[in-house]
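K.L.:
fold the following.
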Amino acid sequence: MEKDHTELVTQLEYYFSDKNLEWDEFFWTEIEAAAENYLKLEIVLNCNKIKKMGSDFADLQAAVEKSELLELNESKECLRRIDNVLPEFKGTRKQFNMQTRSSKKNSEKVHNDKEEDPEDKDKFFAPLLLVIPDVTGLPKNGKLIEDTIGKQYNTVCPYARINRTNGHVVFDKNATEARLIEKLMKEGFELEGNTHLLVESDDRERNLFNKENLNYLEKIVKKKFGKQVKKAGKAAEKKLFNSL
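P.N.:
Sure, this is the predicted structure:
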């Protein structure tokens, strides 16, 4: 008896739909990087919903052949939209550590099937903490740092502070392009003729910053942007800031 692939066809077509691709960074990035926008079937096999269906490689091939919106390549190892159109990505890129990500094999990549609600981006401020490890010569003027970075990178730098040992800069992941963060970490910012570099924060630094500055940050974010600082569930007091 021939298998019923109706549910699988529907799921695959959803993955490749404008509705999903406009907000799904994982699929959008993989398709953009693929030759002629053909995505390897083995990547789709690692999606949680596909695993729950118990689908195998042959099932994916059969489902694509039954779809009116998708097609296989000649080797039948990859699929893409028949119209070969990739819609504009409207979400915020979250994968900042591209070197680590790209070093993984395709078979190790997993899509978590979590749909991103664009309305959340308007309501919540998702903190991304960067550290200035060397503050030599920097004035203890957070506003000056915010304005300096903002002007040099044509962006909004929501919060910055300088203390005796280091400095902190906070961005909103929901409103900041990943490329900008990558460029800032690579090139740093210029102030009074000196270049100051930034690095990603570790768990200890995030927890310490959270303990000392969370209440103040919440007030600043509410006043400046009318948003709430997005916390990580019950563990928010210990792990507010997610790693890059």
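K.L.:
the closest residue to C78 other than its chain neighbours: neighbouring residues, count only.
P.N.:
Excluding the flanking residues, the one nearest C78 by CB to CB, 6 or more residues apart in numbering is Y38, at 3.7 Å. Every residue, glycine included, has its C-beta placed from N, CA and C. Y38 has 19 neighbouring residues, counting by other CB atoms under 10 Å.
K.L.:
and the pLDDT at Y38?
P.N.:
pLDDT recorded at Y38 is 94.
K.L.:
show me what contacts it?
P.N.:
N73, C78, L79, R80 (CB atoms under 8 Å, 6 or more residues apart in numbering).
K.L.:
just the buried residues of the helix or strand hosting L184, please?
P.N.:
Here L184 sits within helix 178-187, counting by DSSP states H and E. Within helix 178-187, the residues scored as buried using 16 or more other CB atoms under 10 Å are A178, I181, L184.
K.L.:
ok, so of those residues, who is nearest V169?
P.N.:
Nearest to V169 among the buried residues of helix 178-187: L184, at 8.3 Å, using CB to CB.
K.L.:
how close does the closest one get to C157?
P.N.:
Relative to C157, L184 is positioned 9 Å away (CB to CB, to the nearest Å).
K.L.:
now the common contact residues for the two.
P.N.:
I149.
K.L.:
what about the lengthiest helix in the chain, distance to the chain center?
P.N.:
Scanning the chain for the helix with the most residues, using DSSP state H, yields helix 203-225. Relative to the centre of its chain, helix 203-225 is centred 21 Å away, using CA atoms, centre = their mean, to the nearest Å.
K.L.:
helices along the protein, start to end?
P.N.:
So, for the chain - with DSSP H - the helices run 6-15, 18-21, 25-33, 41-45, 48-53, 57-66, 98-102, 118-123, 142-153, 178-187, 203-225.
K.L.:
which of those helices sits closest to I162?
P.N.:
That would be helix 142-153 among these, by CB to CB, at 6.4 Å.
K.L.:
report all helices and strands that that closest one contacts.
P.N.:
Identification of packing neighbours for helix 142-153 by 3 or more CB pairs under 8 Å, 6 or more residues apart in numbering; DSSP states H and E yields strand 159-162, strand 167-172, helix 178-187, strand 189-191.
K.L.:
try it again at 7 Å.
P.N.:
In terms of contacts (3 or more CB pairs under 7 Å, 6 or more residues apart in numbering; DSSP states H and E), helix 142-153 is packed against strand 159-162, strand 167-172, strand 189-191.
K.L.:
how much space between H168 and R204?
P.N.:
Separation of H168 from R204 (CB to CB): 13 Å.
K.L.:
who has more neighbours, the two?
P.N.:
H168 (24 against 8).
K.L.:
what's near enough to touch the more buried one?
P.N.:
By CB atoms under 7 Å, 6 or more residues apart in numbering, H168 lies in contact with L129, V131, A160, R161, F209.
K.L.:
switch to 8 Å and redo it
P.N.:
L129, L130, V131, I132, Y159, A160, R161, S201, F209, N213.
K.L.:
ok, L197 next?
P.N.:
I132, P133, D134, M185, G188.
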